[in-house]
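>>> need a structure here:
(one chain, ligands or ions: 2)
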Amino acid sequence: LSSRLTETFRNLRTKGKLSAADVDGTVREIRRALLDADVALEVVKDFASKVRERALGDEVNKALNPAQQVVQIVNEELVSILGGEQRRLQFAKTPPTVIMLAGLQGSGKTTFAGKLAKMLEKDGHTPLLVAADLQRPNAVNQLQVVAERAGAAIFAPEPGNGVGDPVKVSKAGVEYARQKLHDIVIIDTAGRLGVDAELMTQASDIRRATDPDEVLFVIDAMTGQDAVNTARAFQEGVGFTGVVLSKLDGDTRGGAALSVASVTGRPIIFASTGEGLDDVEAFHPDRMASRILDLGDILTLIEQAQQAFDEEEAKKVAEKLAKEQFTLDDFLEQMQQLKKMGSMKKMLGMLPGMGQMKQQLDDFDEREIDRTEAIIRSMTPAERQNTKILNGSRRARIARGSGMTVTDVNQLVNRFEQAAKMMKTVARGGTPNIPGMGAM
Ligand code: GDP
Ligand code: MG
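Ligands and ions are numbered 1, 2, ... in the order given. Model prediction:
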């Protein structure tokens, strides 16, 4: 997924302004990439049309660098579908908080029950695990093992005491927690290999009987196009307040995450990333968006572009200086490069670790560059090659042509001559610099 998208963005990045055709092409690629990542078709369609609408809208046309703006739009829309802000568990005002887990068999409920218990214990809670999966012979035993590893208490049916009725066990578990002062109850329920009515009814009955503060729908991140159907079935049959994405450690980009979050509108709260009880983390929508889009790759692209720019330009400047040929044309070219970099400001602001560079970019004023540009453009080629020929009448003509005053023209010429001198000094020291940064 990432390499194809990266390619798309690379193509975009080399363009100045975007046409409708450019946007369509890009959106088509994004669509294909998301489908590759197993995001459900209906979600992809919806997403693509949103991005297209925004990309063709005003915000991009006015942007200095539309390509980066599109990247930003895609990222924003992804984060928004994934729930925007990180969502935390909701606790009951009066303990115990009841958390019920639901999902298909093998989705990772029992494992997650142990992970959650361990996590909560670290925060000073006293969770109780309730074994309400009485379907598979070994399920209670599996939860017992998990509870032991997590160091958590467990409530399991004793022989002759409600065996076979998960609803009764769940209710009794909550009552037990109240008596023994466990502040959180985690109910592990049964799952089926596929969605079926009996399972839904049972889970729904458990929900009604225990009135949970959270019902967490656990879904295997590797679930492909089926994720949407499964999520919908559980939403209709049981209802849930949040999602746990399991097996994110696998070879998946998280298409299921995007589909489930988009279709159900329920936030993903946790991500499970392995079989060990510590392999769990709070879900961060922005990180998931990066994973789906691989913003890391895009960051690398920008860095490479900047490096190429720096090295190439520095070399050219050094050569010119060696021949003492640095002219206003070169100055103008550098201005334009700086302006291009300026448009990266927004993009850089989004990326981690780029704060310092952003500060540098904030330090120069784009309008100032525009004025400088206007003045240089009003000069003849000969004048740009050699500022010494700029007498009073030439300066007056340039001022008129650029809509500036003669004082503005004088100031620019002075600044340029100073910058050229400064650069010569720097060049002799071996590290030529981009002029204009300081002189502006
Ligand atoms: P349940 O049927 O929903 O209770 O699912 P289980 O908790 O029994 O998990 C089913 C299988 O998936 C087990 O072999 C777990 O070890 C494994 N599993 C659960 N969560 C994860 C995870 O986050 N990553 C990986 N790699 N395996 C997991
Ligand atoms: Mg289980």
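>>> use CA for all of it now, contacts and neighbours both
Fine.
>>> Show me how the chain divides into domains.
Listed by automatic domain parsing, the domain ranges of the chain are 2-81, 97-284, 295-429.
>>> need these in CSV with mean pLDDT and distance to Arg88, can you?
Output for those, formatted as CSV (pLDDT from 0 to 100; distance: least, CA to CA, whole Å):
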stretch, mean pLDDT, distance to Arg88
domain 2-81, 73, 16
domain 97-284, 91, 6
domain 295-429, 70, 23
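>>> Distance-wise, check Ala20 relative to Leu56.
Per CA to CA, to the nearest Å, Ala20 is found 7 Å from Leu56.
>>> So those two - more neighbours on which side?
Under the neighbour definition other CA atoms under 10 Å, Ala20 and Leu56 were set side by side, and Leu56 has more, 19 against 11.
>>> Tell me who's in contact with the more buried one.
Residues near Leu56 by CA atoms under 8 Å, 6 or more residues apart in numbering: 20, 23.
>>> picking up where we left off before, of all the domains of the chain, which lies closest to ligand 1?
Closest to ligand 1 of those is domain 97-284 (CA to the nearest ligand atom; 3.2 Å).
>>> Please see if the closest one touches ligand 1.
Yes - counting by CA under 6 Å from any ligand atom, contacts between domain 97-284 and ligand 1 involve 105-111, 246-247, 249, 272-275.
>>> Filter those down to the buried ones, PyMOL style.
Restricted to buried positions by 16 or more other CA atoms under 10 Å, the PyMOL selection for the residues of domain 97-284 next to ligand 1 reads:
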select buried, resi 105+107+108+109+110+111+246+247+272+273+274
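>>> With secondary structure and distance to Val167 as new columns, can the residues of domain 97-284 next to ligand 1 be given to me in CSV?
Shown next, in CSV, are these (DSSP: H, G, I helix; E, B strand; the rest coil; distance: CA to CA, whole Å):
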residue, secondary structure, distance to Val167
Gln105, coil, 18
Gly106, coil, 21
Ser107, coil, 21
Gly108, coil, 21
Lys109, helix, 17
Thr110, helix, 17
Thr111, helix, 21
Ser246, strand, 25
Lys247, coil, 28
Asp249, coil, 33
Ser272, strand, 27
Thr273, coil, 30
Gly274, coil, 30
Glu275, coil, 28
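>>> among the residues of domain 97-284 next to ligand 1, which two are most distant?
For the residues of domain 97-284 next to ligand 1, the maximum inter-member distance is 18.6 Å, found between Gln105 and Asp249 (CA to CA).
>>> thinking again about what came up before, out of the domains of the chain, deepest packed?
Per-stretch averages of neighbours, counted by mean count of other CA atoms under 10 Å, single out domain 97-284 among the domains of the chain, with a mean of 21.
>>> Do I have it right that Ala113 meets Ile184?
No - with contact defined as CA atoms under 8 Å, Ala113 does not count as touching Ile184 (11.7 Å).
>>> now the strands for the stretch 101-250 of the chain?
Using DSSP state E, counting those that start in this stretch, the strands of the stretch 101-250 of the chain run over residues 127-132, 153-155, 184-189, 214-220, 242-246.
>>> Same list, those, but as CSV with distance to Val280 please.
Listed next are those as CSV, based on distance: least, CA to CA, whole Å:
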stretch, distance to Val280
strand 127-132, 17
strand 153-155, 20
strand 184-189, 16
strand 214-220, 13
strand 242-246, 9
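>>> The closest residue to Leu104 other than its chain neighbours and Gln72: what is the separation?
In space, and not counting its chain neighbours, Leu104 is closest to Gly191: 4.5 Å by CA to CA, 6 or more residues apart in numbering. Distance of Gly191 to Gln72, computed by CA to CA: 40 Å.
>>> go on, Gly83?
17 Å.
>>> got it, and Val130?
In this view, Val130 and Gln72 are 44 Å apart by CA to CA.
>>> try Met335
25 Å.
>>> Quick one: residues contacting the residue nearest to His284 when sequence neighbours are not counted.
Spatial nearest neighbour of His284, excluding adjacent residues (CA to CA, 6+ apart): Gln86 at 5.5 Å. For Gln86, the contacting residues are 269, 282-285, by CA under 8 Å, 6+ apart.
>>> Is it possible to get CSV of the residues you listed that adds distance to Asp370 and secondary structure?
Below are the contacts of Gln86 laid out as CSV (distance: CA to CA, whole Å; DSSP: H, G, I helix; E, B strand; the rest coil):
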residue, distance to Asp370, secondary structure
Ile269, 48, strand
Ala282, 46, strand
Phe283, 44, coil
His284, 41, coil
Pro285, 39, helix
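>>> Going along the chain, name the helices of the stretch 101-250 of the chain.
For the stretch 101-250 of the chain, applying DSSP state H, counting those that start in this stretch gives helices covering 109-122, 139-150, 166-180, 197-210, 226-237.
>>> I figured Asp220 hits Gln105, correct?
No - between Asp220 and Gln105 there is no contact under CA under 8 Å: 10.0 Å.
>>> I'd assumed Thr110 was in contact with the residue nearest to Leu104.
No - applying CA under 8 Å, one finds Gly191 not in contact with Thr110, separated by 10.2 Å.
>>> what are the phi and psi angles of Ile389?
Backbone torsions for Ile389, taken as degrees, to the nearest 10, come to phi -80, psi 0.
>>> so how far is Thr110 from it?
Distance, Ile389 to Thr110, by CA to CA: 83 Å.
>>> repeat for Pro157
Per CA to CA, Pro157 is found 16 Å from Thr110.
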